[in-house]
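1. got a structure for you, letters missing:
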């Protein structure tokens, strides 16, 4: 499991309800369900990764994170996780506020981009 997933896991309470943004193939969500007893959903835009996650028995919804989280009610999750996806969002400030609207806590990891490299969003 990726190092950032291992670190994120420490912040997620056992048996909580989790929303995993940019969940990829569902590696973190599957691990949390098997080892921490969490329930929840993943959001992902890549159809191939969605299919991989669904094949693992996960509930993954196809959605672009730039569209926000309007489909989810206030306080509908205990924790929202966004691992290595913040840098790909057009308006991260808006999404961060939306994350705190739908959950009591947010866990965010991001890659340490090398100095001198520019990421375009």
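-> Cool, got the structure. Keep in mind the model is a prediction, meaning the values are calculated, not measured.

2. buried residues in the lowest-mean-pLDDT helix or strand in the chain?
-> Lowest by mean pLDDT, DSSP states H and E among the helices and strands of the chain is helix 3-9, with a mean of 84. For helix 3-9, a neighbour-count test (16 or more other CB atoms under 10 Å) marks 4, 5, 8, 9 as buried. Yep, even glycine has a C-beta here, placed from its N, CA and C like the rest.

3. next SSE after that helix?
-> As assigned by DSSP states H and E, the chain's next helix or strand after helix 3-9 is strand 17-21.

4. just give the number of residues close to the closest residue to residue 15 other than its chain neighbours.
-> Using CB to CB, 6 or more residues apart in numbering and skipping the chain neighbours, the partner closest in space to residue 15 is residue 37 (4.6 Å). Counted with other CB atoms under 10 Å, the neighbours of residue 37 add up to 11.

5. residue 59 now?
-> Considering only other CB under 10 Å, residue 59 is surrounded by 13 other residues.

6. tell me who's in contact with it.
-> Residues near residue 59 by CB atoms under 8 Å, 6 or more residues apart in numbering: 40, 41, 42.

7. for residue 74, same thing?
-> With CB under 8 Å, 6+ apart, residue 74 has these contacts: 101, 102.

8. before we move on, what SS does the closest residue in space to residue 46 that isn't next to it in sequence have?
-> Setting aside the residues directly before and after it, residue 46 is nearest to residue 24 in space (CB to CB, 6+ apart), at 7.4 Å. Per DSSP: H, G, I helix; E, B strand; the rest coil, the secondary structure class of residue 24 is coil.
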